[in-house]
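**Q** give me coordinates for this.
(4 chains)
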Number of protein chains: 2
Amino acid sequence: MLHVAEAARVSVATVSALINGTATVSPELSQRIEQAIRDIGYKRNAIARSLKMGTTRTIGLTVPHITNPFFTDVVSVIQQAFDRAGYAVMLCCTDEHLNTQDDQIRLLLDRMVDGLIVARVGDGAILKRIVDDANVPVVLLDRVCQGVDTDAVVLDNQRAVFDAITYLIDLGHRRIGYISGSFDISPMHDRMAGYREALQAAGLPAEPELVRFGNFHEVDGYNATMQLLSLHDRPSAIFSANNPMVIGTMKAIRDIGLSCPEDISVACFDDFPWSDVFRPQLTTVAQPVQAIGEQAANLLLDRLAGNRDAPPRKLTLKGRLMIRNSCRPLGATAQSVSA
Amino acid sequence: MLHVAEAARVSVATVSALINGTATVSPELSQRIEQAIRDIGYKRNAIARSLKMGTTRTIGLTVPHITNPFFTDVVSVIQQAFDRAGYAVMLCCTDEHLNTQDDQIRLLLDRMVDGLIVARVGDGAILKRIVDDANVPVVLLDRVCQGVDTDAVVLDNQRAVFDAITYLIDLGHRRIGYISGSFDISPMHDRMAGYREALQAAGLPAEPELVRFGNFHEVDGYNATMQLLSLHDRPSAIFSANNPMVIGTMKAIRDIGLSCPEDISVACFDDFPWSDVFRPQLTTVAQPVQAIGEQAANLLLDRLAGNRDAPPRKLTLKGRLMIRNSCRPLGATAQSVSA
DNA sequence: AACGCTAATCTAAACGTTTCGATCATGTCA
DNA sequence: TGACATGATCGAAACGTTTAGATTAGCGTT
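**A** Now for the predicted structure:
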């Protein structure tokens, strides 16, 4: 900018004024300056600007796994929204790992991001501390955590799973296996609650042996399913609480020589693009990813626009049960006998 | 840092020296300074540091669509690699749109990213200009473009498609439909070349009516497949040059009342996690996503480590044909007759 | 002619670091 | 004892912006 100023025989203040339109500058100087900018090929240094302004027009986004299709979609939507608004987004993947996550959030804050969208793992104590003294607006995505009282957009997980399990019960299933993610994130609590609620509403017992826990990965779903399928009185249906794990479920079913839905019904949380075209077409709980991403972006953009003091807003969206053909009615049809 | 210096009754220079280990500071002062840092909760401002140092420890990554599973995986790998190396990554999605992409690259350069990984759309002229005068190392991902002579990691697309088409021919297919992405990116050229080469090697004619173009999206695959299937003498197999489009292909096959592989064989480029568990299990060309991501990251990290003047390196990796059961042998089996 | 008002421009301080060279005490050697 | 190397510490400039306030010029009023 100094060079531009010299070339145009004006002060840097005038150049700045012209570039930012913060003050009127005469047509004559404007022209000289614009010419100089072109000649020199000047580009404003956003870092220097950030330092002075205290704002980077950059936000941080942390998710556990970008390869989980739910997060893939949400990240995509959020990225687009901030792109439109002229913000850059720094992406971090925490791999569901607590320390990694805290490090990454610190890294983002060091870089002075203007805001943060966080799909949090673990409890919120540290997050709260980190964020409080950075004084940066945060919106929680997909997961709330106690102790952190900020904007959030989540799903009504309990209701969504309630609907799915009730659907299975209505089909005649009585023993329904449930594969949960680990309990240190809020949705897993709520989804489990939905499962229990549905059983209870139907007067079915909650059998501990039908509930398994995994760590969100395919292999966990595989192992859990293997265990469920080797039960003495095995379930006629399995519900998997997330998407990567259901792949493991399907692999286990295949490996054990059963088929879905003939021998066992399967449903899961999170829809994916292929669910319509391959067999079995999986019955899923679809999250409104577009809305989730947009709402999260809007909440943060609103804060960034200056609305800092409004009380925390928590948006709860509804899931949608996508009924396809991976669950069969029990009754006249041959119910699989215990192995 | 000023506050820390005051609290510890030292100069800022000493604080900086201690933090960065750039000079020895006495145990006594070290302790005072560290105490002050803790008391104040001091965090170094990375923006100010970047301004002074001329490096941001941030890289830019642009891909067309993060929802394309190939890019999802590659982005994930790249993100992890730079995370390990202490770099942040800014992610942009260009939506295969040329102007968007140039804007985004400029945005990234304004923010003084230290390097760029680009899955480029369109020709390289502008990219070259932009990058030349920013003087930032660039590695091209998945796609090379003429005029830009930098590090790159790509697939041997021609060979990969050659293998896939040859496989179909060996199964007895003679009329093989080919759905290409638009030609403004290099891989689509090469894949088409592989298709033609395989036909030629088998002495089969290259029939223009069997080749369709789409714009990478599911809907394009759908439309292209509809056209292929309504040909007077319709193909017995279809190869789709990317993953989102093959979903469209499968939907079209379903909607028209055919089934795969009984009535028509399907194969495509890019593997995905579900390909193993649902029926039909799609025969695909799998790209070594892990290697691609790592190599790209390594090339850039090497440049960032100071190796600026080495000649451009171009890495070509091999695809792998994953044979499953979406393609059936023709012969004794009922070949679908023309509609 | 003196005054004030407005518009255009400029000077200089600030943002929070890093780093070069200067300063100063201390110990070593001739 | 003086000269000098050594090691620790500091002062101040620099990175490239923004911006408050000062300055200047032009112009209409009284």
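
**Q** so which residues of the stretch 101-250 of chain A form helices?
**A** A:125-134, A:157-170, A:186-201, A:218-229, A:243-255 (DSSP state H, counting those that start in this stretch).

**Q** contacting residues around residue A:270?
**A** With contacts defined as C-beta atoms under 8 Å, 6 or more residues apart in numbering or on different chains, residue A:270 is in contact with A:68, A:69, A:70, A:242, A:243, A:284, A:285, A:286, A:287. For glycine as for every other residue, the C-beta is placed from the backbone atoms N, C-alpha and C.

**Q** show me which residues of chain A are close to DNA strand C?
**A** Selection of chain A residues close to DNA strand C by C-beta under 7 Å from any atom of the strand yields A:9-14, A:17, A:23-26, A:28-29, A:48, A:51-52, A:54.

**Q** list buried residues within the residues you listed.
**A** The neighbour-count criterion (16 or more other C-beta atoms under 10 Å in any protein chain shown) marks A:10, A:14, A:17, A:25, A:29, A:51 among the residues of chain A next to DNA strand C as buried.

**Q** okay, the second one and residue A:40: tell me how far apart.
**A** Using C-beta to C-beta, to the nearest Å, one gets 15 Å for the distance from residue A:14 to residue A:40.

**Q** just say helix, strand or coil for the nearest residue to residue A:64 once chain neighbours are set aside.
**A** Once flanking residues are discounted, residue A:64 sits nearest to residue A:96: 4.5 Å by C-beta to C-beta, 6 or more residues apart in numbering or on different chains. Put simply, residue A:96 is coil when judged by DSSP: H, G, I helix; E, B strand; the rest coil.

**Q** before we move on, what about residue A:259?
**A** Recorded secondary structure, residue A:259: coil (three-state DSSP).

**Q** with adjacent residues omitted, what lies nearest to it?
**A** That would be residue A:253: by C-beta to C-beta, 6+ apart, it lies 7.0 Å from residue A:259.

**Q** can you pull the contacts of the one you found?
**A** Contacts of residue A:253 by C-beta under 8 Å, 6+ apart are A:225, A:229, A:259, A:260, A:263, A:264, A:266.

**Q** check residue A:47 too.
**A** Counting by C-beta under 8 Å, 6+ apart, residue A:47 touches B:47, B:50, B:51, B:56, B:111, B:112.

**Q** in JSON lines: those residues, plus pLDDT and distance to residue B:247.
**A** Shown next, in JSON lines, are these (pLDDT from 0 to 100; distance: C-beta to C-beta, whole Å):
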{"residue": "B:47", "pLDDT": "96", "distance to residue B:247": "43"}
{"residue": "B:50", "pLDDT": "96", "distance to residue B:247": "42"}
{"residue": "B:51", "pLDDT": "95", "distance to residue B:247": "47"}
{"residue": "B:56", "pLDDT": "96", "distance to residue B:247": "38"}
{"residue": "B:111", "pLDDT": "92", "distance to residue B:247": "35"}
{"residue": "B:112", "pLDDT": "93", "distance to residue B:247": "39"}
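
**Q** most widely separated two among the residues you listed?
**A** Largest separation among the contacts of residue A:47 by C-beta to C-beta: B:51 and B:111, giving 12.0 Å.

**Q** I'd assumed residue A:119 was in contact with the residue nearest to residue A:64.
**A** No: taking C-beta atoms under 8 Å as the definition, residue A:96 is not a contact partner of residue A:119, at 9.8 Å.

**Q** what about the two, which has more around it?
**A** residue A:119 (25 against 21; other C-beta atoms under 10 Å in any protein chain shown).

**Q** from chain B, how far off is the more buried one?
**A** 15 Å (C-beta to the nearest C-beta, to the nearest Å).

**Q** which residues do residue A:96 and residue A:119 both contact?
**A** residue A:64.
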